[in-house]
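>>> Any chance you could fold what I've pasted below:
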Amino acid sequence: MTSTAQAHQSGAATAHPEHLGRVVFIAAAAAMGGFLFGYDSSVINGAVEAIRDRYDIGSAALAQVIAVALIGCAIGAATAGRIADRIGRIRCMQISAVLFTISAVGSALPFALWDLAFWRIVGGFAIGMASVIGPAYIAEVAPPAYRGRLGSFQQAAIVIGIAVSQLVNWGLLNAAGGDQRGTLLGVEAWQVMLGVMVIPAVVYGLLSFVIPESPRFLISVGKRARAREILAEVEGGQAEHLDARVGEIEHAMTSEHKSSFKDLLGGGFFFKPIVWVGIGLSVFQQFVGINVAFYYSSTLWQSVGVDPTDSFFYSFTTSIINIVGTVIAMIFVDRVGRRPLALIGSVGMVVGLALEAWAFSHHLVDGKLPAAQGWTALIAAHIFVLFFAMSWGVVVWVMLGEMFPNKIRAAALGVAASAQWIANWAITASFPSLSDWNLSATYVIYTAFAALSIPFVLKFVKETKGKALEEMG
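Predicted structure coming up:
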């Protein structure tokens with residue numbers, strides 16, 4: 001091996017310590033999109049009952065207003081890649097930040113129900129863009145030696161965003177005397193909850209002006225000199241190393257296969273078997289009902305007699321448990337492996353969901369669950385979120401990025417992610433009507449999906465820990 005090649009290989013593998021602080025800042029700024037993703041996904045939790053009351057709508061219509069954002073998410077996620085390839089990753093972030101800001105203002109000041117639904121679609125489009133651009137940008141800017149750890153910033157930012165939104169909602173509800181429709185800053189409390197998202201949206205937009213464009217994008221549009229400057233900024237190294245890195249990126253971009261939808265076709269059931277496994281992972285991740293905990297938890301607790309202020313506090317504690325579980329997963333996913341962590345999580349979710357189903361099967365006494373069932377439901381809900389966060393919440397995204405052969409990875413990941421948004425919409429849109437029908441039976445359904453995920457993982461999911469991406473197939 002020549003000295004030039006050795007220098008190149010060494011430089012690609014390690015970042016110079018003096019550049020690490022700058023790299024961490026860049027990754028954290030990009031992950032602010034993940035924070036907005038989590039915040040916007042969960043903030044509606046504080047407004048559900050107020051929207052129902054203000055517009056005098058039933059559960060089915062309410063569910064559509066809540067779930068309609070996911071349509072925007074799907075469109076944003078599907079188009080973000082092409083937009084970013086045309087105008088750049090940074091411009092895409094700035095568009096997302098502007099849409100987040102507009103959505104926050106529009107959602108806080110709606111003049112009709114359809115108007116509120118429209119602004120939620122706009123916000124959803126921004127979420128979809130952020131969910132794709134953040135991880136992609138971090139992967140392209142981060143030095144190879146730190147890519148995994150910096151990539152985890154996105155998931156950490158999402159769960160922190162969820163927790164902060166619940167804490168802010170709880171604080172605003174207390175400021176409004178415990179009434180979601182109480183007056184606050186001249187409008188109703190729930191409107192302020194939705195409007196507060198302007199602050200992180202503006203911060204995200206401002207940060208996008210102080211971080212560099214992706215070297216990969218710059219090279220794709222012929223700006224090699226600027227790409228070299230940014231590589232020097234984030235990786236350091238001698239001139240020959242930087243020239244070699246630019247050459248490596250150029251070579252990879254010209255030689256890589258751009259996967260298409262037709263590459264996924266094959267086998268006896270339309271898609272290739274490995275694609276169905278990816279779809280299955282995505283669907284199971286959502287069909288255990290995890291987003292009920294973040295979209296409807298305040299409503300859920302109030303429906304079984306919990307005081308509104310306390311219900312908001314329990315939503316916040318659930319979000320903290322979500323952060324704890326995510327940290328556990330980040331620590332153990334490379335040590336224990338993907339399959340064992342998923343199986344442990346499935347067993348824990350079955351226990352938590354089954355206990356919730358049992359607790360909700362009891363009749364209310366004076367509008368409340370009996371004490372034993374009430375505490376069981378509360379503890380079980382936290383158990384469920386903990387086991388989900390430490391397993392399926394992280395493992396599915398890790399596996400979807402690893403499990404597909406190189407030739408079909410991008411297209412297969414797109415199909416699996418679309419399946420996830422559709423499954424998310426199905427659960428989110430159906431919960432209010434299902435809970436009106438029978439809350440306990442609804443949780444029995446979620447328990448059944450958690451239980452079915454165990455044989456699915458055992459039979460169809462292969463371990464990807466420690467394997468090179470070229471080994472997948």
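>>> mind listing the strands for the stretch 51-200 of the chain?
With DSSP state E, counting those that start in this stretch, the ranges of strands along the stretch 51-200 of the chain come out as 183-184, 187-188.
>>> Quick check: which of those strands is nearest to Ile408?
Among the strands of the stretch 51-200 of the chain, the nearest to Ile408 by CB to CB is strand 187-188 (49.1 Å). All C-beta atoms are positioned from the backbone trio N, CA, C, and that covers glycine.
>>> Could you give the average pLDDT over that closest one?
Here strand 187-188 scores 94 as its mean pLDDT.
>>> Tell me where the model's unsure across this protein.
1-18, 145, 148, 236-240, 255-260, 267-268, 406, 410, 466-473 (pLDDT under 70).
>>> Report all helices and strands that the helix ranked longest in it contacts.
Longest helix in the chain, counting residues (DSSP state H): helix 409-460. Helices and strands touching helix 409-460, by 3 or more CB pairs under 8 Å, 6 or more residues apart in numbering; DSSP states H and E, are helix 59-67, helix 69-87, helix 273-287, helix 290-295, helix 297-303, helix 338-360, helix 392-402.
>>> Now distance to Thr318 and mean neighbour count too, for the ones you listed, in TSV please.
Written out in TSV, the entries for the helices and strands packed on helix 409-460 read as follows (distance: least, CB to CB, whole Å; neighbours: other CB atoms under 10 Å):
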stretch	distance to Thr318	mean neighbour count
helix 59-67	18	19
helix 69-87	20	20
helix 273-287	17	21
helix 290-295	6	23
helix 297-303	6	23
helix 338-360	11	22
helix 392-402	13	22
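>>> name the element the closest residue to Ser298 other than its chain neighbours belongs to?
Leaving aside its sequence neighbours, Ser298 sits nearest to Ser311 (CB to CB, 6 or more residues apart in numbering; 4.5 Å). Assigned by DSSP states H and E, Ser311 belongs to helix 308-332.
>>> Just the buried positions in that helix, please.
The neighbour-count check on helix 308-332 (16 or more other CB atoms under 10 Å) flags 308-309, 311-330, 332 as buried.
>>> what does stretch 104-116 give?
Ala104, Gly106, Ser107, Ala108, Pro110, Leu113, Leu116.
>>> go on, stretch 127-145?
127-143.
>>> distance between it and the chain's centre?
Distance, stretch centre to chain centre, for stretch 127-145: 13 Å (CA atoms, centre = their mean, to the nearest Å).
>>> returning to that earlier point: what residues are up against the residue nearest to Ser298?
Ser297, Ser298, Thr299, Leu300, Trp301, Gln302 (CB atoms under 8 Å, 6 or more residues apart in numbering).
>>> Please name the residues that touch the second one.
Residues counted as contacts of Ser298 (CB under 8 Å, 6+ apart) are Asn45, Gly46, Val48, Glu49, Asn169, Pro308, Ser311, Phe312, Ser315.
>>> Test my guess that Val98 contacts Gly205.
Yes - using CB atoms under 8 Å, Val98 is in contact with Gly205, at 6.7 Å.
>>> still on that earlier bit, what's the farthest-apart pair in the buried residues of stretch 104-116?
Distance extremes for these: the farthest pair is Ala104 and Leu113 at 17.8 Å, using CB to CB.
>>> How much space separates His251 from Glu140?
Note on His251: its distance to Glu140, by CB to CB, to the nearest Å, is 15 Å.
>>> Ala244 now?
Ala244 is 17 Å from Glu140, by CB to CB.
>>> Let me see the contact set for Ile66.
For Ile66, the contact set (CB under 8 Å, 6+ apart) comprises Ile44, Val48, Arg120, Tyr295, Tyr296, Thr428, Ala429, Pro432.
>>> which one of these sits closest to Leu70?
Of the contacts of Ile66, the one sitting nearest to Leu70 (CB to CB) turns out to be Thr428, at 6.4 Å.
>>> check contacts around the closest residue to the closest one other than its chain neighbours.
Of all residues not flanking Thr428 in the chain, Ala67 sits nearest, at 4.1 Å (CB to CB, 6+ apart). The contact partners of Ala67, taken as CB under 8 Å, 6+ apart, are Trp425, Thr428, Ala429.
>>> Apart from its neighbours in sequence, what residue is nearest the first one?
Sequence neighbours aside, Leu70 is the residue nearest to Trp425 in space, at 4.2 Å (criterion: CB to CB, 6+ apart).
>>> how about stretch 194-201: buried residues?
Going by neighbour count (16+ other CB under 10 Å), the buried part of stretch 194-201 is Leu194, Gly195, Val196, Met197, Val198, Pro200, Ala201.
>>> list the contacts for the third one?
The neighbours of Val196, taking CB under 8 Å, 6+ apart as the test, are Val43, Ala104, Val168, Leu172.
>>> The third one touches Leu194, doesn't it?
No - in this structure, Val168 is not within contact of Leu194 by CB under 8 Å, at 10.7 Å.
>>> what sits in contact with each of the two?
Shared contacts of Val168 and Leu194, defined by CB under 8 Å, 6+ apart, comprise Val43.
>>> What residues does the residue nearest the centre of the chain make contact with?
Of all residues in the chain, the one closest to the mean position by CA atoms, centre = their mean is Ile158, 5.8 Å from it. Residues near Ile158 by CB under 8 Å, 6+ apart: Gly34, Phe35, Phe37, Gly38, Ser41.
>>> can you redo these as a markdown table with neighbour count, secondary structure and distance to Leu341?
A markdown table is the format used below for the contacts of Ile158 (neighbours: other CB atoms under 10 Å; DSSP: H, G, I helix; E, B strand; the rest coil; distance: CB to CB, whole Å):
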| residue | neighbour count | secondary structure | distance to Leu341 |
| --- | --- | --- | --- |
| Gly34 | 25 | helix | 21 |
| Phe35 | 27 | helix | 25 |
| Phe37 | 27 | helix | 23 |
| Gly38 | 26 | helix | 21 |
| Ser41 | 25 | helix | 23 |
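>>> how much space is there between the closest residue to Ala389 other than its chain neighbours and Lys407?
Among residues not flanking Ala389 along the chain, Gly325 sits closest, at 2.6 Å (CB to CB, 6+ apart). Distance check for Gly325 against Lys407: by CB to CB, it reads 34 Å.
>>> which one of the strands of the stretch 51-200 of the chain has the most crowded surroundings?
strand 187-188 (a mean of 17; mean count of other CB atoms under 10 Å).
>>> which residues are in contact with that strand?
For strand 187-188, contacts defined as CB under 8 Å, 6+ apart pick out Ala50, Arg54, Ala108, Leu109, Gln180, Arg181, Gly182, Gly195.
>>> rerun that using 6 Å as the cut-off
Arg181 (CB atoms under 6 Å, 6 or more residues apart in numbering).
>>> Same question for stretch 220-232.
Pro212, Pro215, Leu218, Ile219, Leu242, Arg245, Val246.
>>> Pull out the buried residues from it.
Neighbour-count burial for stretch 220-232, with 16+ other CB under 10 Å as criterion, is recorded at Ser220, Arg224, Ala227, Arg228, Ile230, Leu231, Ala232.
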